[in-house]
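In: Sequence plus predicted model, see below.
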Amino acid sequence: MSDLTQLSLADARQALRDKEFTAVELTQAHIAHMEASRELNAVVLETPERALEMAKASDKRLQSGSAGALEGLPIGVKDLFCTRGFRTTACSNILGDFTPPYESTVTQQLWDAGAVMLGKLNNDEFAMGSSNETSRFGATLNPWRAKGSDENLVPGGSSGGSSSAVAANIGVAATATDTGGSIRQPAAFTGTVGVKPTYGRCSRWGIVAFASSLDQAGPITRTVRDAAIMTGAMAGHDAKDTTSVNQPVPDYEAALTGDIRGLRIGIPKEYRVEGMPSEIETLWQQGMDWLRQAGAEIVDVSLPHTKYALPAYYIIAPAEASSNLARYDGVRYGARVATDGDITSMYEATRAAGFGDEVKRRVMIGTYVLSAGYYDAYYMKALKVRRLIANDFASAFEKCDVLLTPTTPSAAFPIGSNQDDPLTMYLNDVFTVTANLAGLPAMSLPAGLDAKGLPLSLQLIGPAFGEKTLLKTAHVVETAAQFTAQPNNWWK
Amino acid sequence: MTEKNNLIAGATGDWEVVLGLEVHAQVTSKSKLFSGASTEFGAEPNSQVSLVDAAMPGMLPVINWMCVEQAVRTGLGLKAQVNCYSVFDRKNYFYPDLPQGYQISQFKDPIIGAGKIEIDLDDGETKIIGIERLHLEQDAGKSLHDQHPSMSFVDLNRSGIALMEIVSDPDMRSSAEAQAYVKKLRAILRYLGTCDGNMEQGSLRADVNVSVRKPGDPLGTRCEIKNVNSIRFIGQAIEYEARRQIAVIEDGGTIQQQTRLFDPKSGETRSMRSKEEAHDYRYFPDPDLVPLTFEQSWVDELAKNLPELPDDKKSRFMSAYNLSNYDAGVLVSEAESADFFELVARGRDAKMAANMVIGSVFAGLNKSGLSLAQSPVTADQVGALVDLIADQTISTRIAKDVFDLMFDEGPDQGKDPAVIVEEKGLRQVTDTGEIEAIVDAVISENPDKVEQAKAKPKLAGWFVGQVMQKSGGKANPQAVNAMVLAKLGIEDAE
């Protein structure tokens, strides 16, 4: 039997239906590969017994013809999703060994569709980071390395465990979350496909909150088709999340027709930033050519407030985070540092030990921008910028159906290289935060390699609930790009 | 506006006290504002706590529309602006009984805007007090400091319960006005069924803002007295605080803006925190909740189905039953009292019914510390008693005795009044022969008084009293009166 971990989600699904192998066999192959890939540090909690139990149940359903959309497919779950009976920490010390007595809506939908849980995946602490280096479990490594180099690279963040696990074939897919680029940037750094759906498309219930008005769940996969299948399974209205939207979930896979004739592709001129490598500029141009050749029309558009997006994001996200993280006090769950003193000293010791530097930095920034006397100058102004950015997109989508941009201004960088400079780290999000601020769907897909042999990606941004158009367009780019490169399994 | 009679005399002249109230009223609702947990009072600690109330990771609030409806109905009862668009904000502060680390409240865009309440003052006058706003917010949990020698416990049963914060304009000028305001607000809430108004259980608490000034001067610096939980304490706290502020200013000091606490034991207020120590709540719109919106047509529907409120009921009682302002005011103070009265008055003389309900029923309940719901006599029994007066079976005087027998613990409690009258032989004497015998006896026993009465007809009343006494109160007073006048040869006692 060939290596089952090489199969895409769609191919594995077909093979299971055709009874070429069983869900247990598929799961065993992935468990073995997961255990052999520990050096990547992508998985922070392996759940092989649970996986096999679920796979056995899947095999029964496959036999009886009652298989779900994801029946028997082994996936990883970002540690931000609460999983009933399995430790959930958001990769923060402050959550200790917290084991939720409840299951997030999104993961519950995946299990209901027959998916198999391999384990919990690494991420930046509370999803705050662009390199997966702020995790309490340590950095996740990118399976990719530059040609001829043995230097470890970051897998992006915050969903670095998800991107690394999918790029390394540990799981056929992974759940992830995206607050400012946390699905798309790691996907770009690892040559995988990442979808951040429209805000409200997936329920946030049971996902540890970072910035509630920006957080959105989505998948990381190896192909556009897999992304379409996963997005469909994760999406849906949830009465427990009143910001989720009550709209039917379309058949995303059916949207992959290859026909984009007449589609208008917008190219926002503001996404040409200074210092961006020419390779990315070239790739972007290449993307336009592919789409034009497929019958789409390329139109120039302007998103004039783009340059204010990053500062606005780094006000709004920390502001919400400073409030969202107030509940972690060591009293009702998670880790507690006992002291001889009063309750205040317990709180202080718990939070000092429980939160890492990046989290503390953002809690402080967020508290500051919401403070009396600074609120109008920072938070209020950021909200106005947010409105202007949404207006920019609305005007752009009068002229085009989908936007094409680079996902990131650079390829994956070495572990530790941006550690001491939070501002440079924040620049990773320059092309991705706009979609979060406007609540729009966006996705990243690999389109080529740079001179060092590292993946480079393009981003598509659509109007609200335009996931079908996004996926259809991405599918055409994917077909044209023929991105077949894979990491060389150096860790095995 | 200065009201002369409310001024407080100080060493340097008269002072005016300016009062504004923030009342926290617990919304009557089976479940909490953003979770399905029960709101029942008195449950075991931490037995009514949902994952949301405990602020577990990833939990999200979902608005309870029952609480929204109650807030809108309250707004309508306060004749206030109902806002079809309002926003929930987070009020951030860190405290052991606040698991989220923030309270979900409404800051910039409350569900209810300006309204008004007409308060009833002791002199029969009324006054309009402005309502600035009403907003919905979550209650916090409760810290228990008396359960363990070295630890404090936290009970989250209250955590997340819906409160309406009702903010008045600074329109009150005396403790009596503040008390009348709370009484009236409480009555309206109870009529609407939007808050049970139970101050002992904490369903209704008031923060009282107090400042003083010389009449005509601009507003003074205010101090806020937190969480005063009875109408009596509101009065005491204001009286103490106003005099404290006057003393400070008259001693050459200035009032520091402060939050203060009222100590019911000492009757004093003391400083809790100064303005500098005040929290910076860092309000911002709660991103877990979309703005609260509803249709005006829904509001109109609720308005149509609003019950009759105290002021309207009072006007109706005065016009339909011809009751005095005072009697009507007493009867409508609680919806239950008004309903009880209307049952007694149905098909009967309303004035007689009002006298019986106020003079006997309320007085009896008051004396024995019972609520109307616990009354040993029913409205039907009171009505039957009124019937006995109306058909002259007994006098008003005897009716009081019969009422006491029905009311007091004893063999006659709860008996039908007609049965008591028969058993005790209390039926009014209308037999003129019997009355005449007594009148004759009294006249013959008091020849000197007869002479005096002929000179001064008013003294006829003395004879009536004597006759009534001798008859054991059973003689018909009108019959006695007529006969005394006739026998004394007096045309008109006036």
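Out: Looks like it came in fine. Predicted model, so just to flag it, every value in this text is computed and none were measured.
In: what's the burial count for whichever residue of the stretch 1-150 of chain B sits closest to chain A?
Out: Per CB to the nearest CB, residue B:101 is where the stretch 1-150 of chain B lies closest to chain A, at 2.3 Å. In this view, the C-beta of every residue, glycine as well, is placed from N, C-alpha and C. Using other CB atoms under 10 Å in any protein chain shown, residue B:101 has 19 other residues around it.
In: Pretty sure it sits against residue A:321.
Out: No - Residue B:101 lies out of contact with residue A:321 (CB atoms under 8 Å); the separation is 11.7 Å.
In: List the residues that contact the closest residue to the residue of the stretch 1-150 of chain B closest to chain A other than its chain neighbours.
Out: Leaving aside its sequence neighbours, residue B:101 sits nearest to residue A:326 (CB to CB, 6 or more residues apart in numbering or on different chains; 2.3 Å). Residues near residue A:326 by CB atoms under 8 Å, 6 or more residues apart in numbering or on different chains: B:92, B:94, B:100-102.
In: can you give me the strands for the stretch 51-200 of chain A?
Out: A:74-78, A:116-121, A:173-178, A:193-196 (DSSP state E, counting those that start in this stretch).
In: Of all those, which one is nearest chain B?
Out: Comparing the strands of the stretch 51-200 of chain A by CB to the nearest CB, strand A:173-178 comes nearest, at 10.9 Å.
In: now for that closest one, which elements pack on it?
Out: strand A:74-78, helix A:105-112, helix A:160-167, strand A:193-196, strand A:216-221, helix A:224-234 (3 or more CB pairs under 8 Å, 6 or more residues apart in numbering or on different chains; DSSP states H and E).
In: circling back to that earlier point, of all the strands of the stretch 51-200 of chain A, which gets the most neighbours per residue?
Out: Across the strands of the stretch 51-200 of chain A, averaging neighbours per residue (mean count of other CB atoms under 10 Å in any protein chain shown) puts strand A:193-196 on top, at a mean of 34.
In: ok, it: who's next to it in the sheet?
Out: strand A:216-221 (antiparallel), strand A:442-449 (antiparallel) (DSSP bridges).
In: Now do the last one: everything it contacts.
Out: Here strand A:442-449 makes contact (CB under 8 Å, 6+ apart) with A:183-185, A:187-188, A:191-196, A:224, A:227, A:279, A:283, A:286-287, A:407, A:432, A:435, A:455-462, A:470-471, A:474, A:477-478, A:481, A:483, A:485.
In: where's the residue nearest to the spatial centre of chain B relative to chain A, distance?
Out: For chain B, the residue sitting closest to the mean C-alpha position, by CA atoms, centre = their mean, is residue B:183 at 3.9 Å. The gap separating residue B:183 from chain A is 36 Å, by CB to the nearest CB, to the nearest Å.
In: Angles on the backbone of the closest residue to that residue other than its chain neighbours, please.
Out: The shortest distance from residue B:183 to any non-neighbouring residue, by CB to CB, 6+ apart, is to residue B:231 (6.4 Å). Backbone torsions of residue B:231, given as degrees, to the nearest 10, read phi -70, psi -40.
In: so how many other residues sit close to residue B:231?
Out: 18.
In: List the residues that contact it.
Out: Taking CB under 8 Å, 6+ apart as the test, what residue B:231 contacts is B:179, B:182-183, B:199.
In: now swap in residue A:189 and tell me
Out: Neighbours of residue A:189 in contact, by CB under 8 Å, 6+ apart: A:142, A:144, A:153-156, A:163, A:408, A:411-412, A:455.
In: Among those, which lie within helices?
Out: Among the contacts of residue A:189, the ones falling in helices (DSSP state H) are residue A:163.
In: Any idea how many residues pack against residue B:196?
Out: 17.
In: Can you point out the buried residues in the host helix or strand of residue B:352?
Out: Using DSSP states H and E, residue B:352 falls within helix B:350-355. Residues B:350, B:352-355 are the ones in helix B:350-355 that count as buried (16 or more other CB atoms under 10 Å in any protein chain shown).
In: So which residues make contact with stretch B:371-382?
Out: By CB under 8 Å, 6+ apart, stretch B:371-382 touches B:334, B:336-337, B:340, B:343-344, B:353, B:356-357, B:360-361, B:364-365, B:370, B:403, B:406-407, B:409, B:413-414, B:416-417.
In: What parts of the stretch 251-400 of chain B come near chain A?
Out: B:280, B:282-284, B:287-290 (CB under 8 Å from any CB of the partner chain).
In: Give me the buried subset of the residues you listed.
Out: For these, buried by 16+ other CB under 10 Å: B:282-284, B:287-289.
In: In helices, which of those fall?
Out: Using DSSP H, none of those sit in helices.
In: the strands in the stretch 251-400 of chain B, which residues?
Out: Under DSSP E, counting those that start in this stretch, the stretch 251-400 of chain B gives strands at B:258-263, B:268-274, B:284-285, B:292-293.
In: how about JSON lines for these, with mean pLDDT added?
Out: Shown next, in JSON lines, are the strands of the stretch 251-400 of chain B (pLDDT from 0 to 100):
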{"stretch": "strand B:258-263", "mean pLDDT": "95"}
{"stretch": "strand B:268-274", "mean pLDDT": "90"}
{"stretch": "strand B:284-285", "mean pLDDT": "97"}
{"stretch": "strand B:292-293", "mean pLDDT": "98"}
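In: Quick one: the helices in the stretch 351-492 of chain A, in order.
Out: Secondary structure of the stretch 351-492 of chain A (DSSP state H, counting those that start in this stretch): helices at A:357-370, A:381-399, A:422-426, A:433-438, A:467-481.
In: who wins for proximity to chain B among these?
Out: Of all those, it is helix A:357-370 that lies closest to chain B, at 3.7 Å by CB to the nearest CB.
In: Checking the closest residue to chain B within chain A next. Helix, strand or coil?
Out: For chain A, the residue closest to chain B is residue A:326, as judged by CB to the nearest CB, at 2.3 Å. Using DSSP: H, G, I helix; E, B strand; the rest coil, the structure places residue A:326 in helix.
In: From residue A:307, how far out is it?
Out: Taking CB to CB, to the nearest Å as the measure, residue A:326 and residue A:307 are separated by 32 Å.
In: pLDDT averaged over stretch B:187-206 - what is it?
Out: For stretch B:187-206, mean pLDDT rounds to 95.
In: now do the same end-to-end measure for it.
Out: From its first residue to its last, stretch B:187-206 covers 15 Å (CA to CA, to the nearest Å).
In: what about the residue nearest to the centre of chain B, distance to residue B:313?
Out: Applying CB to CB to residue B:183 and residue B:313 gives a distance of 15 Å.
In: How about residue A:22?
Out: 76 Å.
In: out of the two, which sits in the more crowded spot?
Out: Using other CB under 10 Å as the criterion, residue A:22 and residue B:313 rank with residue B:313 on top: 20 against 17.
In: So for that one, what's the nearest residue that isn't a sequence neighbour?
Out: Closest to residue B:313 by CB to CB, 6+ apart is residue B:332, at 4.6 Å.
In: which residues does that neighbour contact?
Out: B:187, B:310, B:313-314, B:317, B:338.
In: Give me the pLDDT value at residue 416.
Out: Picked chain A for this. Taking residue A:416 on its own, its pLDDT is 91.
In: wrong one, I was asking about chain B
Out: In this model, residue B:416 carries a pLDDT of 88.
In: re the thing from before, rebuild the strands of the stretch 251-400 of chain B as JSON lines, extending it with distance to residue B:147.
Out: Formatted as JSON lines, these follow (distance: least, CB to CB, whole Å):
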{"stretch": "strand B:258-263", "distance to residue B:147": "22"}
{"stretch": "strand B:268-274", "distance to residue B:147": "23"}
{"stretch": "strand B:284-285", "distance to residue B:147": "36"}
{"stretch": "strand B:292-293", "distance to residue B:147": "38"}
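In: Show the buried residues in the contacts of residue A:326.
Out: B:92, B:100-102.
In: In strands only, show me these.
Out: Judged by DSSP state E, the buried ones among the contacts of residue A:326 include B:92, B:102 as members of strands.
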